[in-house]
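Q: Need a 3D model of the sequence below.
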Amino acid sequence: MKARAILFSLAFASLGSWGCNSPTSGFISVVTPTPSVTRTPTPTFTFTVTPTPTPTATGPTVTPTPSATPTGPTATPTPSATPSPGANVMPLAINFGPVPGTNPQFNLPYTTVNICTPGTSTCVTIPDVLVDTQSTGLRIFASLLTGVTLTPVMNSGSPVGTCIAFADGSVMWGPERAAGLQMGSEPQVSVPIEVVNDTTFSPIPSSCSAQGTPLLDPSSALAGFNGILGTSLFPNDDISLYYSCPSSTCTQISSPPTSILVPNPVVALPFDNNGVVLQLPSIPAAGAVTATGTMLLGVGTQANNALGGATVYTTDSLGNISTVYKGTTYPASFIDSGSQAFFFVDGSLPDCGGGFFCPLNNAANPLALSAQNTGANNATGTVNFSLVGKQFLDLTTNAAFDDIGADAGFADFFDFGAPFFFNRTVFFAIQGQSAPGGTPPYYAYRLD
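A: As a prediction, this is how the structure comes out:
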């Protein structure tokens, strides 16, 4: 079945404290994509691995569409004898985002990647890329990719366009292009990415824009990031719409071949390619101005990403586990770094507007709650968490919170969003890859 692309967003006021009652704040209405077809078999992707170059930074402008014939993922990586210790470490930080003055964010975990002309040291460094564990593939705004030449991915002789819709009502449209990608200190790999809002490419088709509000750049109201690094439990993006764009008019590809699906970039690595690990520190109940953690590539591939005492929860074909909260079972639950809060259903909790839960509990007296998770492998465990009323969090000017909740509006899932990651090490093992502790796809986590 198809996996979801979630990305739940909550909007805050941009002046003074994060005002719950501000006209610019509020929960963005969400619609979860309904799985409707059988998930495509795990494709046999092959990628080009290039020795890591020294990136040459360039300034942000739009790169014209190159005329070279694309290759897409074609070459099998030839790994060295052993992975490089520590090469799999990537920065992870929660802050106010790339445009804090006009579009401040909270509870969005960002990392940094280098995008290069494939096989060269001509690169641009992209900070503030949202790590989203419920979407698949790398998507970068075109305005940030100046000075690098990315080769169009083709389908039957025509450039491929990609449209992905998120549950917060936003969409990303742009050409799919082969890029040289460097993550952490891993080798550069050639991998297809989506170049978002490339004005030199075909205009957005009506069948894409009808799904939501197009994101144009990092300052877009539903953005607040320079791109999205989708590191889901799955090896490719089979939920997006794909188009053949021979000219200014694009035609949707009804059955896109696996060769043009935007892949999970982690699987392109020669090592550390079976998943990711996210770690965030413990923070006070009132939140923290910022929070700095770590993203590790690979699961059980090096000493720094070993499962240790983490419990493994295998998932169904959609990446779901089962959660029981206050006696009700939510069979389609998941763990999502791209959601800014715990999203769940609880009619007993007051709503202060915009979907936020506002119990009369301040940071000195958080509301203690719990839920029980069960994996497809019958592994079980209790998640203890707390809520502080948003009306109290509004009085701070923090960007990181581990105790904010919001109404999911649906009855079949519990979304363990960004607050879940604080004081935990959380593992995501990719379907079709080999990993310790069980057969992926799975989540695993432990308290730190």
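Q: where exactly do the helices run in the chain?
A: 206-209, 390-393 (DSSP state H).
Q: Which neighbouring elements make contact with the first one?
A: The reference is to helix 206-209. Under the contact definition 3 or more CB pairs under 8 Å, 6 or more residues apart in numbering; DSSP states H and E, helix 206-209 sits against strand 158-165, strand 170-182, strand 241-244. For the C-beta atoms, the positions are set from N, CA and C on the backbone; glycine is no exception.
Q: now for these, which one comes closest to residue 423?
A: Nearest to residue 423 among the helices and strands packed on helix 206-209 is strand 170-182; the distance by CB to CB comes to 29.8 Å.
Q: Report the rounded mean pLDDT for the closest one.
A: Mean pLDDT, taken over the full extent of strand 170-182, equals 98.
Q: just stretch 423-433 next, same as before
A: On average, stretch 423-433 scores 98.
Q: Just the buried positions in that stretch, please.
A: Of all the residues in stretch 423-433, those buried under the rule 16 or more other CB atoms under 10 Å are 424-433.
Q: and these, which two are the farthest apart?
A: By the measure CB to CB, 424 and 432 form the most distant pair in the buried residues of stretch 423-433, at 25.4 Å.
Q: And the helices and strands packed on helix 206-209: which comes nearest residue 380?
A: Among these, strand 158-165 sits nearest to residue 380 (CB to CB), with 33.5 Å.
Q: how far off strand 170-182 does that closest one point, in degrees?
A: 120 degrees (axes from the mean of the first three to the mean of the last three CA atoms, to 10 degrees).
Q: What is strand 158-165 packed up against?
A: Other helices and strands packing on strand 158-165, by 3+ CB pairs under 8 Å, 6+ apart, are strand 170-182, helix 206-209, strand 241-244.
Q: quick one: which of the helices and strands packed on helix 206-209 is nearest residue 124?
A: strand 170-182 (10.1 Å).
Q: From the contact counts, what lies against the closest one?
A: Using 3+ CB pairs under 8 Å, 6+ apart: strand 170-182 touches strand 109-116, strand 136-141, strand 151-152, strand 158-165, strand 188-196, helix 206-209, strand 213-214.
Q: Could you export these as JSON lines, including distance to residue 310, mean pLDDT and mean neighbour count?
A: Formatted as JSON lines, the helices and strands packed on strand 170-182 follow (distance: least, CB to CB, whole Å; pLDDT from 0 to 100; neighbours: other CB atoms under 10 Å):
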{"stretch": "strand 109-116", "distance to residue 310": "19", "mean pLDDT": "98", "mean neighbour count": "24"}
{"stretch": "strand 136-141", "distance to residue 310": "23", "mean pLDDT": "98", "mean neighbour count": "28"}
{"stretch": "strand 151-152", "distance to residue 310": "39", "mean pLDDT": "96", "mean neighbour count": "22"}
{"stretch": "strand 158-165", "distance to residue 310": "30", "mean pLDDT": "98", "mean neighbour count": "25"}
{"stretch": "strand 188-196", "distance to residue 310": "27", "mean pLDDT": "98", "mean neighbour count": "28"}
{"stretch": "helix 206-209", "distance to residue 310": "39", "mean pLDDT": "96", "mean neighbour count": "14"}
{"stretch": "strand 213-214", "distance to residue 310": "38", "mean pLDDT": "95", "mean neighbour count": "18"}
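Q: Below-threshold pLDDT in this structure: ranges please.
A: 1-82 (pLDDT under 70).
Q: mind running it again at 50?
A: 1-2, 11-81 (pLDDT under 50).
Q: Domain parsing of it, as residue ranges.
A: 10-57+88-268, 302-447 (automatic domain parsing).
Q: Turn those into a markdown table, columns for distance to residue 280.
A: Below are those laid out as a markdown table (distance: least, CB to CB, whole Å):
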| stretch | distance to residue 280 |
| --- | --- |
| domain 10-57+88-268 | 7 |
| domain 302-447 | 5 |
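Q: With residue 275 as the reference, name the closest of these.
A: Taking these one by one with CB to CB, domain 302-447 is closest: 4.1 Å.
Q: end-to-end on the closest one?
A: Domain 302-447 has an end-to-end distance of 20 Å (criterion: CA to CA, to the nearest Å).
Q: closest to residue 390 among the buried residues of stretch 423-433?
A: Closest to residue 390, out of all of the buried residues of stretch 423-433 and judged by CB to CB, is residue 424, at 22.2 Å.
Q: Centre-most residue in the protein?
A: residue 132 (1.2 Å; CA atoms, centre = their mean).
Q: Relative to residue 139, how far out is that residue?
A: Separation of residue 132 from residue 139 (CB to CB, to the nearest Å) stands at 9 Å.
Q: Name the residues contacting each of these two.
A: 228, 230 (CB atoms under 8 Å, 6 or more residues apart in numbering).
Q: Of the helices and strands packed on helix 206-209, give the one that comes closest to residue 297.
A: Smallest distance to residue 297 across the helices and strands packed on helix 206-209 (CB to CB): 11.4 Å, for strand 170-182.
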